[in-house]
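>>> Compute the structure for the input listed below.
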Amino acid sequence: MILLQNIQAQTEQDGIMMAKQNWCAGFVYNYNSWSNYWEGTFKRNNANLGTVSTQSLAFMGAYGITGKLNVLYSLPYVHTHASAGTLHDMQGLQDAGIWVKWQAWQKKVQQQKYTVFLTGGYSFPTTNYQADFLPLAIGLRSKTASLRLILDYQKKNFFVTGTAAYAYRDNIYIDRFAYYTTEMHYTNEVAMPNMMYAGLRFGYRKKEDYAEVMVVNATTLGGFDIRKNDMPFPSNKMNNTLVGINGKYAFPHFHRIALTGSVSYTVTGRNVGQATNLSIGVFKVFDFASAKQKHTNHNQVNN
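Numbers count the residues shown, from 1 in each chain. I've put the predicted structure just below:
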């Protein structure tokens, strides 16, 4: 079922870097809902669930250690709800994430630019929330390490970005000591399958503003299907392909404040909900390098 897409800063996957000693910080509100889902490959709905919705508010941002090395972070607060049935809402802080993004190579040819980025990340649960309560659980509570390759091509203001990532997920522990997957397990430890991600983005980019179309795929390396009329389980196979649009607009001459927004839809899936996802965010950039230079110039004038 959908589950849970851990909320991540969009720049963890794009071809944009923060300038040296610039800090971008802000909040993103996200709304995700679905009423139809894939039980294995069989698409259905469930009157005992109605529409399942997830709302989240994430504090996220990025800091430029150098122009070629950035640190990114994210921490969401998540609330889930089913419009029908007896499953109760769940809410709380989900998983904190931190990523290091490195511009490994760049070549400019006239008005064209080719860039390679590498991103390494780690996320971990910040609270002891219940993972074995899908589809209302706020997360899977698995410590996750990821490595991502980003290839970016830009000609004038047109760009294409391709990404591929591998995520290693640590085992989790649930509150029961016996469960069935494809066989019986007499333990509270659940082996979590790892994940592969691939994505393609293209659109318009000019300085801090951009508008893009995206296609993103997530594939579980292992796992199993939801059994007929059963609840989903944390180690299910959860595959999906999303299409959507993203955008960012920085207000000119207004203290470097920007708005972001995105809309996406799940077009194919396995053991996930056919979800519509909406988000809007507001960010501000703090330029510590310029502030330091102004302070230095001021002291030189006074002296």
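
>>> Can you get me a residue count around L69?
15 (other CB atoms under 10 Å). Backbone N, C-alpha and C define where each C-beta goes, glycine included.

>>> now do A84
When neighbours are counted by other CB under 10 Å, A84 comes out with 13.

>>> and what of S83?
If we define neighbours as other CB under 10 Å, then S83 has 11 of them.

>>> Would you mind measuring from it to D287?
Between S83 and D287 the distance is 45 Å, computed by CB to CB, to the nearest Å.

>>> which regions of the stretch 151-300 of the chain lie under the pLDDT threshold?
Segments of the stretch 151-300 of the chain classed as low confidence (criterion: pLDDT under 70) are 291-300.

>>> Next, the closest residue to G244 other than its chain neighbours: secondary structure please.
Counting by CB to CB, 6 or more residues apart in numbering, S264 is the residue found nearest to G244 once chain neighbours are left out, at 2.8 Å. Under DSSP: H, G, I helix; E, B strand; the rest coil, S264 falls in the strand class.

>>> hey, what's S264 bridged with?
G244, N277 (DSSP bridges).

>>> Distance-wise, check it relative to M196.
19 Å.

>>> Which one's more surrounded, those two?
S264 (20 against 14).

>>> distance of the more buried one from H88?
S264 sits 27 Å away from H88, going by CB to CB.

>>> Helix, strand, or coil at A211?
strand.

>>> residues touching the nearest residue to it once chain neighbours are set aside, list them.
Leaving aside its sequence neighbours, A211 sits nearest to G247 (CB to CB, 6+ apart; 4.5 Å). Each residue near G247 by CB atoms under 8 Å, 6 or more residues apart in numbering is listed here: 210-212, 260-262.

>>> helix or strand for G247, which one?
Applying DSSP states H and E as the criterion places G247 in strand 239-250.

>>> buried set for that strand?
239-242, 244, 246, 248, 250 (16 or more other CB atoms under 10 Å).

>>> Check stretch 188-201 too.
Buried, per 16+ other CB under 10 Å, within stretch 188-201: 190, 192-195, 197, 199, 201.

>>> Then stretch 50-67?
52-54, 56, 58, 60-64.

>>> closest to M231 among the residues you listed?
V52 (12.2 Å; CB to CB).

>>> Verify the stated contact: that closest one with L136.
Yes: between V52 and L136 there is a contact under CB atoms under 8 Å: 7.4 Å.

>>> any common contacting residues for those two?
Joint contacts of V52 and L136 (CB under 8 Å, 6+ apart) are 80-82.

>>> Would you mind giving the buried residues of stretch 50-67 as CSV with pLDDT, distance to T115 and secondary structure added?
Output for these, formatted as CSV (pLDDT from 0 to 100; distance: CB to CB, whole Å; DSSP: H, G, I helix; E, B strand; the rest coil):
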residue, pLDDT, distance to T115, secondary structure
V52, 98, 39, strand
S53, 98, 38, strand
T54, 98, 34, strand
S56, 97, 31, strand
A58, 97, 26, strand
M60, 96, 22, strand
G61, 95, 21, strand
A62, 96, 16, strand
Y63, 97, 20, strand
G64, 97, 16, strand
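
>>> Which single one of those is nearest to G162?
A62 (20.7 Å).

>>> excluding its backbone neighbours, what's nearest that closest one?
Excluding the flanking residues, the one nearest A62 by CB to CB, 6+ apart is L72, at 4.4 Å.

>>> Show me what the one you found bridges to in the sheet.
Here L72, judged by DSSP bridges, has bridge partners A62, W99.

>>> likewise A145?
Bridge pairing for A145 - DSSP bridges - gives Y122, Y168.

>>> Pretty sure it sits against N194.
No: counting by CB under 8 Å, A145 sits too far from N194 to count as a contact (9.7 Å).

>>> shared neighbours of the two, anything?
Common neighbours of A145 and N194 (CB under 8 Å, 6+ apart) are 167-168.

>>> quick one on the thing from earlier: for the shared contacts of V52 and L136, which entry has the maximal number of neighbours?
Top of these by neighbour count (other CB under 10 Å): T80, with 25 neighbours.
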